[in-house]
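Chemist: sequence first, predicted coordinates after that:
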Amino acid sequence: MYQIVQRIAQPRVTPTRAMTLVLVRCCLCGSERTITEQNMRRANREGRECPACREQDMHHMSGERPYRIWRGMVDRTTNPDSPDWGHYGGRGITLDPRWRTFKGFWADMQEGYADNLTLDRIQVNAGYTKSNCRWATGAEQQANKRTTRFVSFQDRQMHLAEFCRMTGVNRGAIAPYLQRHQTGDTAIAAYLKSKYPRGRKSRSLTS
């Protein structure tokens, strides 16, 4: 993936047209080169590696899942044109300079990797570094999202999905009670006293 560093004033002229030239920087390895804007957009759309990346690709893992995870991480933290930029680089999520190369990333994170795990930041507002990243299950990563709702129940904090599993109550059914009560204990007590049918997925409170 490339990002534009500078537009070149002098276009590349062919017998049929003039093409805009741009100085671009590779979001993966940081190397710079001058290419046509048309070719840059095609390379970004198709996810092509730059020549310098291809030369550095001595690990022979460019088609493997860990490499794709690494490329996605680099793209969303360094490329303002990435659709995920606003949730990562755009809000200050940084990337360890050592991890700008796959070799550095894999040396730090190879241990513990499994195909059923995903890369997860322990502190969701901190950057991608060895000390702040882990390989986690889908459930662990969902519980660690900024948008995850936590509930106090039986003297401990837990995410809403865990609370629903423990109590056997549907998320939509308990949500109105959680809005009215400070703890999961009082919300579930109020829910159990309710005269509404238990099988419904969601209800609104009328009293």
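Modeler: Thanks, I have it.
Chemist: residue contacts, residue 20?
Modeler: 7, 8, 11, 36, 37, 38 (Cβ atoms under 8 Å, 6 or more residues apart in numbering). Any C-beta I mention is one placed from the backbone N, CA and C, and that applies to glycine too.
Chemist: got these as a markdown table, with secondary structure, neighbour count and distance to residue 61 columns?
Modeler: Shown next, in a markdown table, are the contacts of residue 20 (DSSP: H, G, I helix; E, B strand; the rest coil; neighbours: other Cβ atoms under 10 Å; distance: Cβ to Cβ, whole Å):
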| residue | secondary structure | neighbour count | distance to residue 61 |
| --- | --- | --- | --- |
| 7 | strand | 11 | 35 |
| 8 | strand | 14 | 35 |
| 11 | strand | 14 | 38 |
| 36 | strand | 15 | 30 |
| 37 | helix | 17 | 31 |
| 38 | helix | 13 | 30 |
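Chemist: for the strand or helix carrying residue 107, buried residues please.
Modeler: For residue 107, the host element (DSSP states H and E) is helix 102-109. Neighbour counts over helix 102-109 (16 or more other Cβ atoms under 10 Å) mark 102, 103, 105, 106, 109 as buried.
Chemist: check stretch 175-193 too.
Modeler: The neighbour-count check on stretch 175-193 (16+ other Cβ under 10 Å) flags 175, 176, 177, 178, 181, 184, 187, 188, 190, 191 as buried.
Chemist: now the last one, what are its backbone angles?
Modeler: In this case it means residue 191. phi -60, psi -40 (degrees, to the nearest 10).
Chemist: for it, list the residues it contacts.
Modeler: The contact partners of residue 191, by Cβ under 8 Å, 6+ apart, come to 169, 173, 174, 177.
Chemist: distance to residue 51 added to the residues you listed, as CSV?
Modeler: Below are the contacts of residue 191 laid out as CSV (distance: Cβ to Cβ, whole Å):
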residue, distance to residue 51
169, 57
173, 57
174, 56
177, 60
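Chemist: buried ones from these, can you make that a PyMOL selection?
Modeler: To isolate the buried ones among those in PyMOL, judged by 16+ other Cβ under 10 Å, type:
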select buried, resi 169+173+174+177
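Chemist: quickly find the element holding the residue nearest to residue 113 when sequence neighbours are not counted.
Modeler: Nearest in space to residue 113, with sequence neighbours left out and distances taken as Cβ to Cβ, 6 or more residues apart in numbering, is residue 135 at 5.5 Å. In the assignment (DSSP H and E), residue 135 maps to strand 133-136.
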